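J.: with the sequence up front, the predicted model follows.
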Amino acid sequence: MAPLCASTTITFLLILLIHSVHSPAAAFYLPGSYPQRYRPGDTLAAKVNSLTSPSSKLPYPYYSLPFCTPQDGVRHAAESLGELLLGDRIETSPYLFSMLNNTTTPRAHQVPHRRRHQVNLLLDTLPVMRYVKNPIAPDVLLRSTGFPIGVRADDGEYYVYNHHKLTVLVNKQNGTTRVETLMATADGSELMGFNGGKEGGGYTVVGFEVVPCSVDHDLAAVKDKNMYDEIASKAAAGCDPSVVGMRVHDNRSLVFSYEVTFVESSIGWPSRWDAYLEIGGAKVHWFSILNSIVVVTFLAAIVLVILLRTVRRDLAQYEELGSESGAQADELAGWKLVAGDVFREPNHPVLLCVLVGDGVRILGMGVVTIIFAALGFMSPACRGALITGMLCFYLVLGVAAGYIAVAVWKTIRQGDIAGWKSVAWRASFAFPGVGFAVLNCVLWYNGSTGAVPFLLFLFILLLWFFVSVPAAQCSPWVFVAVAGTLPFGTLFIELFFIMSSLWLGRVSYVFGFLLVVLALLVTVCAEVSVVLTYMGLCVEDWRWWRRAFFASGSVALYVLGYAVYYLVFDLHSLAGPVSAALYVGYSLLMALAVMLATGAVGLGASFCFVHYLFSTVELD
C-alpha cells in the first residue's frame, strides 16, 4: 500500500471521527500510513535513496556509482514534490528477501570509492538504522540512519563495506485492526482484510537495521555464481565493522553480499518510528521555554508600565496644557511634539511594504506548517510532506503578502493607492526567487540530486506565477541591533536542533516545542519593537517605521552568527568550497526569512501601539 499522506490523512481522520461513536476506546496511529501486512514467504524489496555525506552537502544518485542493479532494471519510485526538492531519489534495488527467510547472497561488481558518502536503504518506508559504540562511553550506542560506502583505515588505504548484515524486526499481528477495516472499504461497514482478501494477521515491519562489514571474498569461489545464489560468506561467522579486509584497487572487481535475519519484536507498529523520532534533551527544551517565559514576562511588564502609567500621565498633562496659554504649552516635550509627523511617509516606502508583505507571508507559512505538523499531518512516514506543505502554504499565502503590502502602502500614502500594482508584484517575487535560482544552478553544475530538475523548476515557476502573485531613523541603530538578542534568546536552543536536522541528517519531530517557541518569539518581537518605538518617540524622532521593523528583525543577525558558529564548531566534516558556498547560501536565506517574519511582527505591533497612542491626541 502507498503511504497515507496529508490530504488522505484528513479524510482518514474524518472517517475515524464519524465511526468513533461505536468504539470510543479504540486507538489508532494517525501520522503517515497504515500497516502493510506480510505473510511468511512474501517478498520484501528494499529501496535505495540518494547517497549523502556529512562532509559534502551534495547528494548524488545511488547509481551514479556502478553498484549492482536489479535484474529487471532500475525503476524510480513515486516521489512527492518535497522529496524532489530535498534531493531524494528513491529507486529500486537488487536487495530481495522474503519474510522470515534468513539468507546470505553474493553479487559481484566493480565499484569505485566516493569520499565519505553514505548508502541510504528503505524498507516499508523505514530508513535503515546503524548502531555504533560510543568511543567515549562504550556502553552507549549511537544511532544513525544509513551506512558508509567505505572507510579509510589507519594505513591510509580505502576499504569498502561490501557485506551488509541486515536485520528486519517484525511484529506478528493477530486479526485486522479497526483502522484497516475503515480504510479497506468506502463506507467502513464491511470487515475486509488485505493481501488479496485473506484473513487478518501476518507480520508488519517495525525495524530495519544494518551492520556493514568489509570482507575479502574469494573471487574464484563465486565466479560461476548467479546474482541470488547463496554462498558461504566469510562474514557469516561474525561481522565486525572494526575489521576491514576488502581494499579498493583500480580495475578490480568487488564481490558484494548481504545476509538477512528476521527477528520477532514486541515493538508495535504504531511505535516503530520511536527509535527515529526520540526527542533528545527534553529537559533542555523545557528549560529554554521557561527562560523565554521569564523574558516575555519582563518585557510585558515594561510595556504595561508604558501604557498604563507613562502614556496616561503624559496624555493627561498634554490635555491640561493644551487648554492653557501658549507660554505654558511651550512646556510640551517628548513624543507629543511629533504628533503631526509620525505617519509621514518614510524613506523607500516601496521596499518597506515589500519587506512587511513577505514577512507576513513567511510567518503565516511557518505557523500553519508547524500547527499541521504538530497535529501529525506531516509525518516522516510521508517523505517530503513537510517541504511540500511549506511550499504550498507559501504559494497560497502570496495573496496575503500582496494584501498586507498594499495595505501598508495605502496607509503610508495616507489613502493614495497609486502604484499599488507595482508593490504587489514586487511582494510576490522578492523572496526567495533569486536566491533559490542561484543555489539551484550550483547544484545543477555539480550533478547533485539536490538540484531541482529543469521541468520541475519550470513547474514551480508557473505555480509561483499563477498562485503566488496576488490578485488584488531611530535612536542609535546600535539599539536596534542589540534588540535582536532578546528574540534570539527564545529560539537559540531550538535552533541547534533545527541545524542538526538540516546539516547532520538527524530526524527532528519536535513540532510541539517549536509551536511554543514560535508563540514566545512572536510575543517578544512585538514587545521589543513597541519599547524601542516608544523610546524613539520620546526623543521626538517620528521616523519609527523602519526602526520598528528592524528592531525585531535584527534577530536575523544573531541567527546568521549562530550559523557561522555551527559551521566552525559543530560541522567539522564539511569539506570543499562548493559545500561551504551552499551552506553559506542557505544560511543567508534562512536569516533573511527570519528577518522578514520577525520584522513584520514588530512593525505590526508598533503600528497598533502608535495608532492607540495618537488616537486621543487632537492636532491644532
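T.: Here it is on my side, so go on.

J.: immediately after the lowest-mean-pLDDT helix or strand in the chain, which helix or strand?
T.: Across the helices and strands of the chain, mean confidence by mean pLDDT, DSSP states H and E is lowest for helix 6-19: a mean of 34. Next along the chain after helix 6-19, taking DSSP states H and E as the criterion, comes strand 43-48.

J.: send the alpha carbons of that next one over as CSV?
T.: C-alpha atoms of strand 43-48 as CSV (Å, rounded to 0.1, in the frame of the first residue of the first chain):
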residue,chain,number,x,y,z
THR,A,43,8.8,-10.8,-1.0
LEU,A,44,10.2,-7.7,0.6
ALA,A,45,12.1,-5.3,-1.6
ALA,A,46,14.4,-2.7,-0.1
LYS,A,47,14.7,0.6,-2.0
VAL,A,48,17.7,2.9,-2.2
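
J.: what strands flank it, and is each parallel or antiparallel?
T.: strand 91-98 (antiparallel), strand 121-123 (antiparallel) (DSSP bridges).

J.: buried residues, it. List them.
T.: 44, 46-48 (16 or more other CB atoms under 10 Å). For every residue, glycine as well, the C-beta is placed using N, CA and C.

J.: just stretch 564-576 next, same as before
T.: So stretch 564-576, judged by 16+ other CB under 10 Å, has buried residues 566-567, 571, 574.

J.: for this protein, which helix is longest?
T.: The longest helix of the chain (DSSP state H) is helix 577-614.

J.: could you list every helix and strand in contact with it?
T.: helix 349-374, helix 398-412, helix 433-445, helix 485-503, helix 511-538, helix 545-553, helix 555-569 (3 or more CB pairs under 8 Å, 6 or more residues apart in numbering; DSSP states H and E).

J.: mean confidence score for it?
T.: Averaged across helix 577-614, pLDDT comes to 90.

J.: same deal with stretch 118-125?
T.: 87.

J.: ends of that stretch, what's the gap?
T.: 18 Å (CA to CA, to the nearest Å).

J.: in it, which residues are buried?
T.: 118-125.

J.: ok, now stretch 598-617?
T.: 598-607, 609-610, 613-614.

J.: got it, and stretch 164-171?
T.: 164-171.

J.: of the strands paired with strand 43-48, which is nearest Asn446?
T.: strand 91-98 (19.9 Å; CB to CB).

J.: how close does the residue nearest to Phe488 when sequence neighbours are not counted sit to Val517?
T.: For Phe488, ignoring the flanking residues on the chain, the nearest one in space by CB to CB, 6 or more residues apart in numbering is Tyr558 at 4.0 Å. Distance, Tyr558 to Val517, using CB to CB, to the nearest Å: 15 Å.

J.: with Cys608 instead?
T.: 23 Å.

J.: again, but for Glu230
T.: 53 Å.

J.: quick revisit: for the buried residues of stretch 164-171, give me JSON lines that also has secondary structure and pLDDT.
T.: Shown next, in JSON lines, are these (DSSP: H, G, I helix; E, B strand; the rest coil; pLDDT from 0 to 100):
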{"residue": "His164", "secondary structure": "strand", "pLDDT": "87"}
{"residue": "Lys165", "secondary structure": "strand", "pLDDT": "89"}
{"residue": "Leu166", "secondary structure": "strand", "pLDDT": "90"}
{"residue": "Thr167", "secondary structure": "strand", "pLDDT": "91"}
{"residue": "Val168", "secondary structure": "strand", "pLDDT": "92"}
{"residue": "Leu169", "secondary structure": "strand", "pLDDT": "92"}
{"residue": "Val170", "secondary structure": "strand", "pLDDT": "92"}
{"residue": "Asn171", "secondary structure": "strand", "pLDDT": "90"}
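
J.: quick one: which of the residues you listed is nearest to Lys133?
T.: Lys165 (15.8 Å).

J.: got the contact list for that closest one?
T.: 210-213, 235, 239, 258-259, 261 (CB atoms under 8 Å, 6 or more residues apart in numbering).

J.: Ile404 touches Gly357, doesn't it?
T.: Yes - under the criterion of CB atoms under 8 Å, Ile404 makes contact with Gly357 at 4.7 Å.

J.: looking at the two, which is more packed in?
T.: More neighbours surround Gly357 than the other of Ile404 and Gly357, with 31 against 23 (other CB atoms under 10 Å).

J.: with adjacent residues omitted, what lies nearest to the more buried one?
T.: Excluding the flanking residues, the one nearest Gly357 by CB to CB, 6+ apart is Ala405, at 3.0 Å.

J.: so what's that neighbour up against?
T.: 353-354, 356-358, 423-424, 426-427.

J.: ok, it to Ala551 distance?
T.: 20 Å.

J.: tell me which element Pro54 falls in.
T.: Residue-wise, Pro54 maps onto no helix or strand under DSSP H and E.

J.: that one: how many residues sit nearby?
T.: Neighbour number of Pro54 under other CB under 10 Å is 18.

J.: now Asp42
T.: Count around Asp42 with other CB under 10 Å applied: 15.

J.: hang on, isn't it packed against Ser98?
T.: Yes - the criterion here is CB under 8 Å, and Asp42 meets it with Ser98 at 6.3 Å.

J.: re the thing from before, lowest-confidence one in the buried residues of stretch 564-576?
T.: Within these, pLDDT is lowest for Leu574, at 71.

J.: what strand or helix carries Val263?
T.: Counting by DSSP H and E, Val263 is found in strand 254-264.

J.: chain center to that strand: distance?
T.: 33 Å (CA atoms, centre = their mean, to the nearest Å).

J.: hey, C-alpha coordinates of that strand in CSV?
T.: Listed next in CSV are the C-alpha coordinates belonging to strand 254-264 (Å, rounded to 0.1, in the frame of the first residue of the first chain):
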residue,chain,number,x,y,z
LEU,A,254,34.3,-6.4,-5.9
VAL,A,255,32.0,-9.1,-4.5
PHE,A,256,29.1,-7.6,-2.7
SER,A,257,27.0,-9.8,-0.4
TYR,A,258,24.3,-9.4,2.2
GLU,A,259,22.6,-11.6,4.8
VAL,A,260,19.2,-11.0,6.3
THR,A,261,17.9,-12.1,9.7
PHE,A,262,14.3,-11.7,10.7
VAL,A,263,13.7,-11.1,14.4
GLU,A,264,10.3,-11.0,16.0
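
J.: helix or strand right after that strand?
T.: From strand 254-264, the next helix or strand downstream (DSSP H and E) is helix 274-277.

J.: for stretch 206-216, the distance to its chain's centre please.
T.: That offset, for stretch 206-216, works out to 28 Å (CA atoms, centre = their mean).

J.: residues of it that come out buried?
T.: So stretch 206-216, judged by 16+ other CB under 10 Å, has buried residues 206-215.

J.: which parts of the stretch 201-350 of the chain are helices?
T.: Using DSSP state H, counting those that start in this stretch, the helices of the stretch 201-350 of the chain run over residues 274-277, 282-305, 312-322, 326-329, 349-374.

J.: pick the most deeply packed of those.
T.: Sort the helices of the stretch 201-350 of the chain by mean neighbour count, taking mean count of other CB atoms under 10 Å, and helix 349-374 sits at the top with a mean of 23.
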